[in-house]
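**Student:** sequence and predicted structure, then a few things I'm wondering about:
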Amino acid sequence: MSAAASDAAKASSRLPFIIGVQVAVRGATFFLNVLAARFVRPDEYGFINVELMLFLSTVQFLSREGARRAAQREGVATRESAAAVILLSWATVAAVALLSAAYFAAMFRPLLGFLDDLGSTICSNEAVKLRGVGLFAAAALLESFAEPALNTLQASMVVSARAGSEGAGAVARTLTVFFLLRRGVCTIDVFGIGQIIHGLFVTVACLVMWFRSRAVLPPHCRSLTSLLPKFRFSRPLWSLCWTFSLQSIVRHILTEGERIVMAVLRPLSEGAMGAYGLAFHLGSMAARLLFLPVEEAAFAVFAREGRQRGSLGSLAHFSRVALLLALALCGFGAPNASTAIEILYGEAWRDSQAGATLAAYCLLLPLLAFNGVTEGYVHAVASARELRWQSVALVAVSAVFVASAYALGTRYGAVGLVAANAIGMLCRIAYNVSVIYRGNGARRFALWRRCFPRRTTLVFLLCSSVTMAMLRDRVFSLYTGLVPFSPLGMKISAGQLGQSGVAGVLAVAFLGILWVFERSSLRAVKRD
């Protein structure tokens, strides 16, 4: 077996472990967010979820993403290449320290305005925020010390190192935050301490995995001294790192665009930012779990078929399935969003915009689903020229989103930010549809009517959504008495229990509708 085949087999054999760890980490993160949000105010949640997490992701992404990719490309097969990778890894630590110090200094300068005279102190609220930035900066620096060991392991095809270390850190952070919140510690301090524990466990786990994996490492990478920096400067490696880092900046802006808009332009109050962060977390989790498998399967089929005659049929089938999932979440999620927020997150969120924002985000899901499938088709069959124009279009869409987010967010709060997302998504869909139209000629006119579910399915979802909304407002809202049981401290009223029961009955009926009217579409996708 060749070395390349051996490496591929080694990597693929660890995929079930990596996927399992990722699922466990996401489950732990969701459980943490549910528990944490019951102990915090919306404004505190907004500051943590938007500003602190944006600071952490920016520092870590910009400092280490390019270095990690360059290190994996370089490898550690020779003593010189291993020393160059270690030096680059330690440069990541320095970059984290410099970026953290720069942000901390930029945030501290405005706070000096709160000093009335030499004997006064910074007001407690702003001091706590400043302390939160310091804790998150310390966490980022502590986690960066794992880079030499982690890059050595990944360059040696120990692909489970990152998933295993981050999984251990996530579990430790979850337990720490929950324990400290129950003891009444300041919320921002709790999340900062939890992030420090996460960084500590990631670093320790990487070192433990490096020690246990020494047998598969090259001989010159098996001693602890091999992880210490040595001046072996490699100009091609640093040039490659710089190229990957520039690409990471663009990708980071597109990924964190909403948080950047909220943190820089300030169209929302911190309470509204918290409501949007909570709704975005719940909605995006559903999108990742349900839409992502459909999009990945669709892309594989589109790439295999290209612009053949059957490719439009596959596009119609996958669009139909994605829209079925999205419309189901939309029809059942929008009328029950406020009830779900009250049950899961408690009374503190009742008067926030979280319920209305989550309902609006549910209405956005069909656009997300349709864009995911059509964009996958464009990526699979478009020419190089069309892909270059798509990059230009994404820049234009980003500008439209920023402008609409500021205008609508300032006026309508978190719901306005969801509307800005819808505008940006419509622009992306319009570009995808135009590419599909240009590439398929006369066949394009028979396509779109097959992309949508049957009329019976749509009518049932609409009637179910209206029924649940009317029962919620006119019947179940009158029954406010609590039921005798309260799992995990959740207070559930009789009306909320009744509304959940009606939603469950209608969901079972919807499954019957799918079996009768949409079975052929689901089977067609399974065959593809």
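**Tutor:** It's in.
**Student:** so where's the stretch 101-250 of the chain shaky on pLDDT?
**Tutor:** In the prediction, the stretch 101-250 of the chain carries residues with pLDDT under 70 at positions 106-125, 157-163, 247, 250.
**Student:** now do the helix or strand where residue 127 lies: distance to the chain's middle.
**Tutor:** According to DSSP states H and E, residue 127 maps onto helix 124-144. Helix 124-144 sits 22 Å away from the centroid of its parent chain (C-alpha atoms, centre = their mean, to the nearest Å).
**Student:** right, and the helix or strand after it?
**Tutor:** Helix 124-144 is succeeded, C-terminally, by helix 147-155 (DSSP H and E).
**Student:** now the angle between helix 147-155 and the helix or strand just after that following helix, please.
**Tutor:** Reading on from helix 147-155 to the C-terminus, the next helix or strand found by DSSP H and E is helix 160-182. On the basis of axes from the mean of the first three to the mean of the last three C-alpha atoms, to 10 degrees, helix 160-182 is oriented at 140 degrees to helix 147-155.
**Student:** what is helix 160-182 packed up against?
**Tutor:** Using 3 or more C-beta pairs under 8 Å, 6 or more residues apart in numbering; DSSP states H and E, the elements in contact with helix 160-182 are helix 15-37, helix 147-155, helix 187-212. C-beta here means a position set from N, CA and C on the backbone, and glycine is covered the same way.
**Student:** what's the longest one packed up against?
**Tutor:** When contacts are defined as 3+ C-beta pairs under 8 Å, 6+ apart, helix 187-212 packs onto helix 124-144, helix 147-155, helix 160-182.
**Student:** and the helix holding residue 127, C-alpha only, in CSV?
**Tutor:** The C-alpha coordinates for helix 124-144 follow below in CSV (Å, rounded to 0.1, in the frame of the first residue of the first chain):
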residue,chain,number,x,y,z
SER,A,124,-19.3,48.5,37.7
ASN,A,125,-21.1,47.5,34.5
GLU,A,126,-18.3,48.6,32.2
ALA,A,127,-15.7,47.2,34.5
VAL,A,128,-17.3,43.8,34.4
LYS,A,129,-17.3,44.0,30.6
LEU,A,130,-13.7,45.0,30.5
ARG,A,131,-12.9,42.1,32.8
GLY,A,132,-14.8,39.8,30.5
VAL,A,133,-12.6,40.8,27.6
GLY,A,134,-9.5,40.2,29.7
LEU,A,135,-10.7,36.7,30.7
PHE,A,136,-11.5,35.8,27.1
ALA,A,137,-8.1,37.1,25.9
ALA,A,138,-6.4,35.0,28.6
ALA,A,139,-8.4,32.0,27.4
ALA,A,140,-7.4,32.5,23.8
LEU,A,141,-3.7,32.8,24.8
LEU,A,142,-3.9,29.7,26.9
GLU,A,143,-5.5,27.7,24.1
SER,A,144,-2.9,28.9,21.6
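**Student:** between the helices and strands packed on helix 187-212, which gets nearest to residue 369?
**Tutor:** Closest of the helices and strands packed on helix 187-212 to residue 369 is helix 160-182, at 27.7 Å (criterion: C-beta to C-beta).
**Student:** now find how far off-centre the closest one is within its chain.
**Tutor:** For helix 160-182, the distance to the chain centre is 17 Å (C-alpha atoms, centre = their mean).
**Student:** kindly report the same for stretch 266-279.
**Tutor:** On C-alpha atoms, centre = their mean, the centre of stretch 266-279 falls 17 Å from the chain's centre.
**Student:** buried residues, that stretch. List them.
**Tutor:** Buried residues in stretch 266-279, counted by 16 or more other C-beta atoms under 10 Å: 267-268, 270-279.
**Student:** ditto for stretch 243-258
**Tutor:** 244-245, 248, 252, 256-258.
**Student:** restricted to helices, list those residues.
**Tutor:** 244-245, 248, 252, 257-258 (DSSP state H).
**Student:** show the average pLDDT along the helix or strand harbouring residue 368.
**Tutor:** Per DSSP H and E, residue 368 falls inside helix 354-381. Average pLDDT, helix 354-381: 87.
**Student:** does anything pack onto the following helix or strand past that helix? Which helices or strands?
**Tutor:** For helix 354-381, the succeeding helix or strand toward the C-terminus, using DSSP H and E, is helix 384-412. With contacts defined as 3+ C-beta pairs under 8 Å, 6+ apart, the packing partners of helix 384-412 are helix 235-255, helix 257-264, helix 354-381, helix 414-440.
**Student:** quick one: distance of the third one to the chain centre.
**Tutor:** Using C-alpha atoms, centre = their mean, the distance from the centre of helix 354-381 to the centre of the chain it belongs to is 14 Å.
**Student:** helices and strands around the strand or helix carrying residue 80, which ones?
**Tutor:** For residue 80, the element it lies in under DSSP H and E is helix 79-111. If you count contacts as 3+ C-beta pairs under 8 Å, 6+ apart, helix 79-111 packs onto helix 53-74, helix 124-144, helix 147-155, helix 235-255.
**Student:** right, I'll call it a day here.
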